[in-house]
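Participant: below: sequence and its predicted model.
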Amino acid sequence: MLHQKHDDKKEWDEKTQTFWLNNLFHTFVKVGELVPVDHKVTRSFFVPRHEIENAEITSIVFQIFHSDFNPFFTTEKGVSKLGNCVCVAPTEGQRGIKAVMHFGDTEIRMEVIPDDETCPSKDITVKFSCK
């Protein structure tokens, strides 16, 4: 069930008979949160349900944002894009991945684990948009 604060942003998808929201996000860490060395945070991403059977969808793209507050949408004032990740989308099942962010002593590493357990996990590069 979608949070009531998102009611004005949701869109009806006739094909899947469900509501969808764009510009929502998963939080990996919050501003000011103490993150110990070797801490890992895992989030799941999927090819949208209405595109699962579309073989032309070959990747899952997710963006990394920053803000000094707790926004509901990435389009809110004060939310800035840091970079993005492009991952190969699984071709079977729900076509999902788990993105694991590893916080090291001097670096952040991203690992992608396909939901299809027959596929190996792999490290991916996060492309940061530094200004």
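Facilitator: Good, I have the coordinates. From a predicted model like this one, the values you see are computed outputs, not experimental measurements. Numbering: from 1, shown residues only.

Participant: now the strands for the chain?
Facilitator: For the chain, the strands defined by DSSP state E cover 11-13, 18-20, 39-46, 59-66, 80-88, 96-103, 108-114, 122-124, 127-128.

Participant: hmm, Val88 and Ile57 touching each other?
Facilitator: No: the criterion here is C-beta atoms under 8 Å, and Ile57 misses it with Val88 at 10.8 Å. (Each C-beta comes from the backbone N, C-alpha and C, glycine too.)

Participant: Lys30 contacts Asn70, doesn't it?
Facilitator: Yes: assessed by C-beta under 8 Å, Lys30 is found in contact with Asn70 at 7.3 Å.

Participant: now for these two: what residues contact both?
Facilitator: Here Lys30 and Asn70 share no contacting residue, scored by C-beta atoms under 8 Å, 6 or more residues apart in numbering.

Participant: ok, now which ones touch Thr91?
Facilitator: Applying C-beta under 8 Å, 6+ apart, the residues contacting Thr91 are Ala55.
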